[in-house]
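Student: The sequence and its predicted three-dimensional model are supplied below.
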Amino acid sequence: MSEGIKIIATNRKAHFDYIVDESYECGIELMGTEVKSFRDGKISFPDAWAEVRGGEVWLRSLLIAENPFSSVFNHDPSRQKRLLLHHDEIKRITRKVDEKGYTLIPLKFYFKNRRVKVELGLCKGKKAFDKRASIREKDLNREMEREFRGK
């Protein structure tokens with residue numbers, strides 16, 4: 001792990017449910033109380049996704065818990081957050097998402113030099129047989145590691 005990076009949360013299920021083709025590092029536009037909740041790790045994103053709308057990328061279904069120490073100036077936990085990307089990246093993502101089956105899934109949230117970053121994955125959904133193949137491959141790797149440890 002490089003200097004200045006602190007992982008807040010990872011979406012481990014995303015690699016099981018989706019095939020990740022590309023990933024992009026992007027900033028996220030947050031309010032002050034949302035940053036405090038991120039520092040406490042009080043976020044939930046099991047079915048979060050992103051969409052391109054009007055030349056901007058918006059993150060949806062990300063729940064950031066309200067900060068109990070801020071009074072009336074708290075944030076809406078389920079508001080849509082704008083992601084900060086370069087214009088060329090947005091155009092490339094738009095072309096891919098317009099193709100059939102591609103979607104944008106947040107893979108990881110982390111602090112990089114005191115700023116909240118999102119690793120956004122350009123993903124294609126796995127079929128049931130792909131998931132079974134992933135499980136089978138994981139089991140085979142686990143058995144091989146056990147054999148090597150035993151010798």
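Tutor: Okay, I see it.
Student: And the helices in the protein?
Tutor: Under the criterion DSSP state H, helices of the chain are mapped to 14-17, 32-40, 87-98, 128-150.
Student: mind showing which ranges of this protein have poor pLDDT?
Tutor: 1-2, 71-73, 151 (pLDDT under 70).
Student: and if we set it to 80?
Tutor: Counting by pLDDT under 80, the chain shows low-confidence ranges at 1-3, 32, 67-78, 99-101, 127-131, 150-151.
Student: Give me the most central residue, it.
Tutor: Pro106 (1.8 Å; Cα atoms, centre = their mean).
Student: what residues are up against that one?
Tutor: When contacts are counted by Cβ atoms under 8 Å, 6 or more residues apart in numbering, Pro106 touches Asn11, Ala14, Phe45, Ala48, Trp49, Ala50, Leu59, Leu62, Val118, Glu119, Leu120, Gly121. (Each C-beta comes from the backbone N, C-alpha and C, glycine too.)
Student: Tell me how far it lies from Leu122.
Tutor: For Pro106, the distance to Leu122 equals 12 Å [Cβ to Cβ, to the nearest Å].
Student: can you list residues touching both of those two?
Tutor: In contact with both Pro106 and Leu122: no residue, using Cβ under 8 Å, 6+ apart.
Student: The residue nearest to the centre of the chain pairs with what?
Tutor: Leu120 (DSSP bridges).
Student: Distance of it relative to Glu3?
Tutor: 23 Å.
Student: what do you get for Thr94?
Tutor: 33 Å.
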